[in-house]
Each structure stands twice: as C-alpha cells, then as structure tokens.
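Colleague: got a predicted structure here, sequence first:
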Amino acid sequence: MQTCYNKIMLEIFYTQQPVRSEEYIRFVLRKYYNIPNPTICKSIHGKPYIPGDKICFNLSHSKGLTALAAGKKGSVGFDCESLSGKARPAVLSRFTERERQEIGGTQDFYAHWTARESYVKYLGESLAALWRHIEFFGGKLYVDGAEAGVRVMQFERGGYAFSFCGNYAKYSFRRADPPAKV
C-alpha cells in the first residue's frame, strides 16, 4: 500500500509570545482541534501525545519562537532553530564527512541539524542514542547507511529553519497567539 502524500496536510502553529510548552499545546488543541481538556502524556524520551487520539503533534522552540506541528495522519517529528546563531564547531565535527561537505554555512548547518532532530523526534527517541546512526545527505535521511523511509521537508521563514518528518507533503503555517492572561 502506498501512502498518498498529496492529501495529507500538516498544520504548523507558532507564537512569539512567552508561553509554556504544555500551555501552548493545550491552547492549539482546544482552539483548532476542538479537544476541550486534552490529557497530555509524554513518552519515555519526552515526546508529547494524547492517549487514544488521532491527532499527532510535536513542539519545538528557539530564541523567542514556540511552534507546534500537528497532523491527523501519522506521527510527526518537528524542529526549528533560529538562523541568528552560528554553526557550532563541536557539533559540526560530529556530522559525517558527506554531511560536512554539504554544510557551507549557518543555514546549511541548521538544515542538517533540524532534519536530524525532527527524525529523532518523529521516532520518539533520544538524540544521544541515535546521533551516530543518522545521516542527512542530499535531502534524505539515512540510518546506518540505508534510507530511513520517511519524508523530511524543510523551509525557512522569519529567520528560522524548520524541518518536519512524517507522511506529510503539504503544510500550513500560521500565527496562533494565545490570549493574554488577565
């Protein structure tokens, strides 16, 4: 059975207001998915989920931005990073030789970093356990030399690099600011 990517939409919500992660997840799930009081659980490695619900989501934050990717069809891994930082030499040295050849600057560094991170979050695993097994090269993810078999999509917006993994080919991106607390 082949997955029909073109019918599966991932929704990405973001805010630049200061907000706690779980509060933002609850806000988005209430407002956009009509889940009035979501019970948020976490996997052993911290991936949030709602038991028995068909909504899959993943949260990321970087330098004043909190973003939540949510979809109704299958797991999602999501990461964002501010492009205002510099490539981290200690991390850069841990990329594979093929990856380092593709990394020509900060934007390339964060494209590779967010791709790897989104895949780890897709699996619900820890980066420390998987780092040496993953490679992002030529726009594809590899695990121990074999293609990972999951789609990774990337984009830049507003000074941030974004990557998500899953069976999603389309996405929407919209601001979703929670109401100010009184």
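Modeller: Nice, thanks for sending it over. Numbers count the residues shown, from 1 in each chain.
Colleague: which helices and strands sit right next to the lowest-mean-pLDDT helix or strand in the chain?
Modeller: Ranked by mean pLDDT, DSSP states H and E, the weakest helix or strand in the chain is helix 89-92, scoring a mean of 84. Helix 89-92 makes packing contacts with helix 106-123 when contacts are defined by 3 or more CB pairs under 8 Å, 6 or more residues apart in numbering; DSSP states H and E. Using the backbone N, CA and C atoms, a C-beta is placed for each residue, glycine as well.
Colleague: next one: the helix it packs on to chain centre, how far?
Modeller: Counting by CA atoms, centre = their mean, to the nearest Å, helix 106-123 is centred 8 Å from the centre of its parent chain.
Colleague: ditto for stretch 169-182
Modeller: A distance of 15 Å separates the C-alpha centroid of stretch 169-182 from that of its chain, computed with CA atoms, centre = their mean.
Colleague: and if you look at stretch 110-124?
Modeller: Computed by CA atoms, centre = their mean, the separation of stretch 110-124 from the middle of its chain amounts to 7 Å.
Colleague: so what touches that stretch?
Modeller: Contacts made with stretch 110-124 from outside it, assessed by CB atoms under 8 Å, 6 or more residues apart in numbering, are listed as 43, 45, 47, 58, 60, 75-81, 83, 85, 87, 91, 95, 99, 102-103, 126-127, 130-131, 134, 136, 141, 148, 150, 152, 154, 161-166.
Colleague: can you give me the helices for the protein?
Modeller: Using DSSP state H, the helices found in the chain span residues 21-33, 89-92, 97-102, 106-123, 127-130.
Colleague: which of those helices sits most buried?
Modeller: Per-stretch averages of neighbours, counted by mean count of other CB atoms under 10 Å, single out helix 106-123 among the helices of the chain, with a mean of 23.
Colleague: surely His133 meets Leu141?
Modeller: No. Judged on CB atoms under 8 Å, His133 makes no contact with Leu141 at a distance of 10.6 Å.
Colleague: how about the helices of the chain, which one is nearest Leu10?
Modeller: Proximity of the helices of the chain to Leu10 was assessed by CB to CB; the nearest stretch is helix 106-123, lying at 11.4 Å.
Colleague: returning to that earlier point: more neighbours: which of His133 and Leu141?
Modeller: Neighbour comparison, His133 and Leu141: the larger count goes to Leu141, with 21 against 13 (by other CB atoms under 10 Å).
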